[in-house]
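1. Prediction below, plus the sequence it came from.
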There are 2 protein chains.
Amino acid sequence: MKLLKDKIINEGKVISENIVKIDSFLNHQLEPTFLKKIGEEFASRFSKQGITKILTVEASGIAVGLMTGIVLDVPVIFAKKKQASTLDHRYFSSSVYSFTKKESVEIFVSKNFLGPQDKVLIIDDFLARGEALRGMRSIVTQANAELVGVGIVVEKAFQDGGKTLREEGVRIESLARIASLKDGKVEFI
Amino acid sequence: MKLLKDKIINEGKVISENIVKIDSFLNHQLEPTFLKKIGEEFASRFSKQGITKILTVEASGIAVGLMTGIVLDVPVIFAKKKQASTLDHRYFSSSVYSFTKKESVEIFVSKNFLGPQDKVLIIDDFLARGEALRGMRSIVTQANAELVGVGIVVEKAFQDGGKTLREEGVRIESLARIASLKDGKVEFI
């Protein structure tokens, strides 16, 4: 998606060889007009699949998940990272390690919102080693739902998450695939 | 907002005299069509105020903030609850105590996205004692920006946050104001 790549080049900040910060429109400040286009792009790629639910994880996945849900007109579930005091004991859960934050977190989805009848599209902002994606896939499996595919805004293709998950048969659509962040420069595949 | 009150009555779950869980369309699963209406309602109440930025806080504020930002066509900033490893040192911060989660968290907003030229609308899902709202107001003040008003989806009017903040001169628009959650029943003002 050219518009996205241009914005990453112009507004992204390369912090290290592994991290590019996209805070001006995706991860801290949200740009509604642009995010609408992201939602439309994901929706068009999965429009024929009979999606019934979108699954994402708080916090940065919520905006892109919701924008896709608006176009596909299906509910959007965001997995919670901490067991809320208002969450009852009927939930699916999975453990996710964040290499960026250097900690493991448990993610939760209430059993009320996902079941065997569901065809699920997972949406997330970043894909690197695929930890969050594996956690969400595990929740879809626990619910006996069908994982139809995955929509990712930015894939760090120099890390192996996308590669191994595709080898396992997961359909992953990434709108921008970064080949390298070396020398402070973003290079796309 | 009648539609919202009806949904709270029909889908909300009263957990205690202080907590009503609204997980089916607002706090865990998001209902796009309904949230669009919430965004339109907030936007119409503040359409004449020259809003330049919407400020909310992760995670549950993101969806309603974004839906309002789409209609007003302004950027939406979500305050982060944990200092991300990708966040540099140029940020405003404030401490927020959550009575629900029984812990204090620091919230952060990058100085890149808020400044003296901004007219800010704060949007959040719940207002109870007003802790999150005070934290976000402090960040607006630190940025020398103008706080134009606050849009709240559900106000627990039996707690004192809304009352004291209104007495301090803050314009707060709540779409549903709960008078009581006694005996497992939601009563509106």
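-> Nice, thanks for sending it over.

2. Measure how the helix ranked longest in chain A sits relative to helix B:32-45, angle-wise.
-> Longest helix of chain A, by residue count under DSSP state H: helix A:32-45. Per axes from the mean of the first three to the mean of the last three Cα atoms, to 10 degrees, the angle that helix A:32-45 makes with helix B:32-45 is 160 degrees.

3. Could you give the separation of whatever helix or strand comes next after helix A:32-45 from the chain centroid?
-> Scanning forward in sequence from helix A:32-45 by DSSP states H and E, the next helix or strand is strand A:53-57. The chain centroid and the centroid of strand A:53-57 are separated by 8 Å under Cα atoms, centre = their mean, to the nearest Å.

4. What are the contacting residues of the very next helix or strand once past strand A:53-57?
-> Counting by DSSP H and E, the next helix or strand C-terminal to strand A:53-57 is helix A:61-72. With contact meaning Cβ atoms under 8 Å, 6 or more residues apart in numbering or on different chains, helix A:61-72 is reached by A:26, A:30, A:35-36, A:38-40, A:42-43, A:46-47, A:51, A:54-56, A:75-76, A:78, A:121, A:123-125, A:151, A:153, B:30, B:32-33, B:35-36, B:59, B:62-63, B:66-67. For every residue, glycine as well, the C-beta is placed using N, CA and C.

5. what about chain A, any weak spots by pLDDT?
-> A:83-89 (pLDDT under 70).

6. Without its sequence neighbours, what residue ends up closest to the residue most central in space within it?
-> Residue closest to the mean C-alpha point of chain A, counted by Cα atoms, centre = their mean, is A:Asp124 at 1.1 Å. Of all residues not flanking A:Asp124 in the chain, A:Gly61 sits nearest, at 4.7 Å (Cβ to Cβ, 6 or more residues apart in numbering or on different chains).

7. next one: A:Phe34
-> Nearest to A:Phe34 is A:Phe25, by Cβ to Cβ, 6+ apart, at 5.5 Å.

8. What of A:Thr33?
-> Leaving aside its sequence neighbours, A:Thr33 sits nearest to B:Asp73 (Cβ to Cβ, 6+ apart; 6.8 Å).

9. My guess is the one you found contacts A:Lys36. True?
-> No: B:Asp73 lies out of contact with A:Lys36 (Cβ atoms under 8 Å); the separation is 10.5 Å.

10. out of those two, which sits in the busier spot?
-> A:Lys36 (15 against 10; other Cβ atoms under 10 Å in any protein chain shown).

11. pretty sure A:Val14 is touching A:Glu187, no?
-> No: taking Cβ under 8 Å as the definition, A:Val14 is not a contact partner of A:Glu187, at 10.5 Å.

12. what's the burial count for the residue lying closest to A:Lys13 once chain neighbours are set aside?
-> In space, and not counting its chain neighbours, A:Lys13 is closest to A:Lys21: 4.4 Å by Cβ to Cβ, 6+ apart. A count of neighbours around A:Lys21, defined by other Cβ under 10 Å, yields 20.

13. list the contacts for A:Lys21?
-> Neighbours of A:Lys21 in contact, by Cβ under 8 Å, 6+ apart: A:Gly12, A:Lys13, A:Val14, A:Ile15, A:Asn27, B:Thr86.

14. Could you export these as TSV, including secondary structure, neighbour count and distance to A:Phe99?
-> As requested, the contacts of A:Lys21 are arranged in TSV below (DSSP: H, G, I helix; E, B strand; the rest coil; neighbours: other Cβ atoms under 10 Å in any protein chain shown; distance: Cβ to Cβ, whole Å):
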residue	secondary structure	neighbour count	distance to A:Phe99
A:Gly12	coil	21	19
A:Lys13	strand	16	19
A:Val14	strand	17	17
A:Ile15	coil	16	13
A:Asn27	coil	21	16
B:Thr86	coil	17	12
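
15. with the residues you listed in mind, which one is nearest to B:Phe99?
-> A:Asn27 (28.1 Å; Cβ to Cβ).

16. Can you give me the distance of the closest one to chain B?
-> A:Asn27 is 8 Å from chain B, where distance means Cβ to the nearest Cβ, to the nearest Å.

17. repeat for A:Gly130
-> Taken as Cβ to the nearest Cβ, the span from A:Gly130 to chain B is 19 Å.

18. Now that residue: closest residue in space, sequence neighbours ignored.
-> Per Cβ to Cβ, 6+ apart, closest to A:Gly130 is A:Gly161, 2.6 Å.

19. what about the one you found, how many residues close to it?
-> Neighbours of A:Gly161 (other Cβ under 10 Å): 21.

20. Quick check on it: phi, psi?
-> phi -60, psi -50 (degrees, to the nearest 10).

21. Can you name the residues that contact it?
-> Per Cβ under 8 Å, 6+ apart, neighbours of A:Gly161: A:Leu127, A:Ala128, A:Arg129, A:Gly130, A:Glu131, A:Leu133, A:Glu155.

22. Quick check: the farthest pair among those residues?
-> Counting by Cβ to Cβ, the most remote pair of those is A:Glu131 and A:Glu155, 13.7 Å apart.

23. on that earlier part again, check what contacts the longest helix of chain A and list those residues.
-> Counting by Cβ under 8 Å, 6+ apart, A:1, A:3-4, A:7, A:25-26, A:63-64, A:66-72, A:121, A:123, A:149, A:151, A:153, A:173, A:175, B:66, B:69-70, B:73-76 sit against helix A:32-45.

24. Report the buried members of those.
-> A:4, A:7, A:25-26, A:63-64, A:66-72, A:121, A:123, A:149, A:151, A:153, A:175, B:66, B:69-70, B:74-76 (16 or more other Cβ atoms under 10 Å in any protein chain shown).

25. how near is the residue nearest to A:Gly130 to chain B?
-> In terms of Cβ to the nearest Cβ, A:Gly161 sits 18 Å off from chain B.

26. longest strand of chain A?
-> strand A:146-156 (DSSP state E).

27. Listing partners with orientation, what would you give for that one?
-> In the sheet, strand A:146-156 lines up against strand A:119-127 (parallel), strand A:172-180 (parallel) (DSSP bridges).
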